[in-house]
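Undergrad: Quick one, fold the following:
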Amino acid sequence: MTFELETENPGRHTHMDELSLQLNLWHDTLYTFPLSLVIEFKHEHCETGAIDHWPALERWTDAYLVDKLKDNPVTVAVTPNGYADAILKEDLFVMPEERTMTFAAFLKLLEDNKGKVSFDKNKMDVDAEIAYVSKQNGNLTSEFSSLLDDVTPDLPFATEALGMKPDAANIWIGDAQSVTSLHKDHYENLYAVVAGSKTFTIYPPTDVPYLYYRECKCCRYVPVRDSAADNRVVRWDIVPEPKQTSDDEPSSSSAPTEAAGDSSTPAPAPQTTGAADAEADSFENCPTIPWIPVDPLLVNQHRHVQEFPLFCYHATPLRCTIRRGDVLYLPAMWYHHVQQSESYIETPVANPANSDELPPTPQVFDAKRVIAVNFWYDMDFGQQFAYFQFLEKCVATLPPPLVFDDGGDDHSFGGDGSDQESDIGPDDIDYSYREPESDDDEAASSSQQQQA
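TA: Residues are numbered from 1 along each chain as shown. Prediction:
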């Protein structure tokens, strides 16, 4: 288990290996993130190898999972780019297409789309179908209940520390092409990796002023298929979610009420308008959701620094990679962004008692899938939650977010600048708040420019 604490300068960080994580500090103190490079907890430790006793670590091969799950339908999120529940085109919150299929069909979909992911998540004319088992809401005990004998029903040390059983247990299965955008959960989250590795970039609740929350329109990916070419996907459309009526049951992005057909028997091409037409015709009336547009993977890129300088220079990320057998405790309300990988390299610790011994040989672990189980424990909606709500309301009353002012300098970058490193530093940011100009101010400014 590896930890990195990043300071305000993204180029400086400190590694903390085998950091002892203890669970219930967040029930006793206000959410804080000390920059002393040590996070002190007061109860049980989350240590490397915390679930080494689970039979799942040895049993959960492709063949075993197919045999155990048989023809039972499972829900799979499918996107063109690996980003489900993420912002696209500035103000569209786009959810995945959800399909029900057999587990064998899911594995085939994974294999057929290896290496297809687009580096431009705004690109829709792609045939990629990036699949991810990520339904949540207790899918381990519902759709994947035949696997329950291979894991424990909870994490005993967490159940003891938090004084309750988990509300839900979820299973996640995918590959390195799936990414989870920055978000927070209203649960105490215990995350256990069965195969592969997960890299979490974590921000404390006190970083909410730097996250640039914006109201986004709720939409969903819909594949467009070519009936003349085996019904394969040729591009993706984005369609608005229908507005709920008073008779509708509440829904969430992680648990839509409907799913498309099995990928082994593709459904006919949906009758949808193109993305541009849909935006013009239907998007203004679709439901909205506040979401975070910043991306921890882009903090050094010029356009991201221009648009989100506070996030790029003042948020305080902790980066943590957990591997097979490890458990991570994510406190409720902490923001997290997740990447994953099927393979990783691990270097054993050298024996300090024998300086003549050759350095340990790094070991390469290569799993075909990334598999994890997480347990959601109900959070305490008490004092800490009230403090956080107060902070959110303070942020909401501030003027528009601080802006970058380049002073007329030409910070050149190639193409659209999205893949270029920024040469902007914290000293280049204009930290003064700007009141919106009135019509009279604009007229006066225009007159002055004409006179000049």
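
Undergrad: Next, find the distance separating R235 from P80.
TA: 8 Å (C-beta to C-beta, to the nearest Å). C-beta: built from backbone N, CA, C; applies to glycine.

Undergrad: Name the residue in the two with the higher neighbour count.
TA: P80 (27 against 16; other C-beta atoms under 10 Å).

Undergrad: Identify the residues contacting H336.
TA: Applying C-beta atoms under 8 Å, 6 or more residues apart in numbering, we find H336 in contact with T180, L182, H183, K184, F200, T201, I202, Y203, L330.

Undergrad: so which of those residues would you say is closest to P156?
TA: The nearest member of the contacts of H336 to P156, counting by C-beta to C-beta, is L330 at 18.3 Å.

Undergrad: What distance do you get for that closest one to E342?
TA: 22 Å.

Undergrad: of these two, who's got more company?
TA: Comparing L330 with E342 by neighbour count (other C-beta under 10 Å), the higher total belongs to L330, at 21 against 17.

Undergrad: Which pLDDT does the model give that one?
TA: L330 carries a pLDDT value of 91.

Undergrad: So it sits against D185, correct?
TA: Yes. Counting by C-beta atoms under 8 Å, L330 touches D185, with 7.4 Å between them.

Undergrad: a helix runs through A161, doesn't it?
TA: Yes. Applying DSSP: H, G, I helix; E, B strand; the rest coil, one finds A161 inside a helix.

Undergrad: Now do the lengthiest strand in the chain: which elements does it pack against?
TA: The longest strand of the chain (DSSP state E) is strand 214-226. Judged by 3 or more C-beta pairs under 8 Å, 6 or more residues apart in numbering; DSSP states H and E, strand 214-226 is in contact with strand 74-79, strand 86-88, strand 92-95, strand 97-101, strand 232-240, strand 288-291.

Undergrad: how about the ones you listed in a markdown table, adding distance to P317 and mean pLDDT?
TA: As requested, the helices and strands packed on strand 214-226 are arranged in a markdown table below (distance: least, C-beta to C-beta, whole Å; pLDDT from 0 to 100):
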| stretch | distance to P317 | mean pLDDT |
| --- | --- | --- |
| strand 74-79 | 25 | 96 |
| strand 86-88 | 18 | 90 |
| strand 92-95 | 22 | 94 |
| strand 97-101 | 30 | 96 |
| strand 232-240 | 30 | 90 |
| strand 288-291 | 18 | 93 |
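
Undergrad: how about the helices of this protein, start to end?
TA: Counting by DSSP state H, the chain has helices at residues 56-59, 62-69, 103-112, 156-162, 275-281, 302-307, 309-314, 383-396, 439-451.

Undergrad: Of all those helices, which one is nearest L190?
TA: helix 156-162 (4.9 Å).

Undergrad: pLDDT on the closest one, on average?
TA: For helix 156-162, the mean per-residue pLDDT is 89.

Undergrad: Counting neighbours, which bits of stretch 314-329 end up buried?
TA: Within stretch 314-329, the residues scored as buried using 16 or more other C-beta atoms under 10 Å are 315-329.

Undergrad: burial measure for F308, as a count.
TA: For F308, the count of nearby residues is 23 (other C-beta under 10 Å).

Undergrad: If you drop the residues flanking it in sequence, what lies closest to it?
TA: V294 (4.9 Å; C-beta to C-beta, 6 or more residues apart in numbering).

Undergrad: about what we covered before: got the angle for the longest strand of the chain vs strand 232-240?
TA: 150 degrees (axes from the mean of the first three to the mean of the last three C-alpha atoms, to 10 degrees).

Undergrad: and strand 214-226, which strands flank it?
TA: When pairing is defined by DSSP bridges, strand 214-226 lines up against strand 92-95 (parallel), strand 232-240 (antiparallel), strand 288-291 (antiparallel).

Undergrad: Could you export the longest one as PDB, CA atoms only?
TA: So that's strand 232-240. Provided in PDB are the C-alpha atoms of strand 232-240 (Å, rounded to 0.1, in the frame of the first residue of the first chain):
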ATOM      1  CA  ARG A 232     -22.300  -3.200 -34.000                       C
ATOM      2  CA  VAL A 233     -21.900   0.200 -32.300                       C
ATOM      3  CA  VAL A 234     -20.700   2.900 -34.700                       C
ATOM      4  CA  ARG A 235     -21.100   6.000 -32.500                       C
ATOM      5  CA  TRP A 236     -22.700   7.300 -29.300                       C
ATOM      6  CA  ASP A 237     -25.400   9.800 -28.700                       C
ATOM      7  CA  ILE A 238     -26.100  11.700 -25.600                       C
ATOM      8  CA  VAL A 239     -29.800  12.000 -24.700                       C
ATOM      9  CA  PRO A 240     -31.400  13.900 -21.800                       C
END
